[in-house]
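**Q** Got a predicted structure plus its sequence, pasted below:
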Amino acid sequence: MAETKILATIERSETEQLQISLSEFKGTSYLNMRIFFTNDGGQTWIPTKKGVTFTPDQLDVLTEAIEEARQEFMQAE
């Protein structure tokens, strides 16, 4: 995987979005969740320092936390 593959984009406002992507750095693959912004009407999205990167071995912990959050939200409805 030589390039970034965007898995999902979550709009936060007209000028800000969260991009969830897979990328590779020094031979290791990562899952990135990073805030991007635009100042040209969405033609170009620029990454900010706000974000988090996960290694493949951390994905199980992330998945479990998301599932626990989903269950909590479902119980609250």
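**A** That came in fine, so what should we check first? Numbering: from 1, shown residues only.

**Q** Please make it C-alpha for all contacts and neighbour counts, starting now.
**A** OK.

**Q** Going by residue numbers, what spans are strands in this protein?
**A** Taking DSSP state E as the criterion, the chain carries its strands at 5-13, 16-25, 28-37, 46-54.

**Q** export these to TSV and tack on mean neighbour count?
**A** Output for those, formatted as TSV (neighbours: other C-alpha atoms under 10 Å):
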stretch	mean neighbour count
strand 5-13	12
strand 16-25	17
strand 28-37	19
strand 46-54	12
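
**Q** of all the ones you listed, which lies closest to residue 72?
**A** Between residue 72 and those, the shortest gap by C-alpha to C-alpha is with strand 5-13, which sits at 21.3 Å.

**Q** Residue 48 and residue 37 touch, don't they?
**A** Yes - using C-alpha atoms under 8 Å, residue 48 is in contact with residue 37, at 7.2 Å.

**Q** So for these two, which residues contact both of them?
**A** None of the residues lies in contact with both residue 48 and residue 37 under the rule C-alpha atoms under 8 Å, 6 or more residues apart in numbering.

**Q** May I have stretch 63-74 exported as CSV, CA atoms only?
**A** Extracted as CSV, the C-alpha positions of stretch 63-74 are listed here (Å, rounded to 0.1, in the frame of the first residue of the first chain):
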residue,chain,number,x,y,z
THR,A,63,-13.3,-2.1,17.7
GLU,A,64,-14.2,-3.2,21.2
ALA,A,65,-14.5,0.4,22.4
ILE,A,66,-16.7,1.4,19.4
GLU,A,67,-18.9,-1.6,20.0
GLU,A,68,-19.2,-0.8,23.7
ALA,A,69,-20.2,2.8,22.8
ARG,A,70,-22.7,1.5,20.3
GLN,A,71,-24.3,-0.7,23.0
GLU,A,72,-24.4,2.2,25.5
PHE,A,73,-26.1,4.5,22.9
MET,A,74,-28.6,1.8,22.1
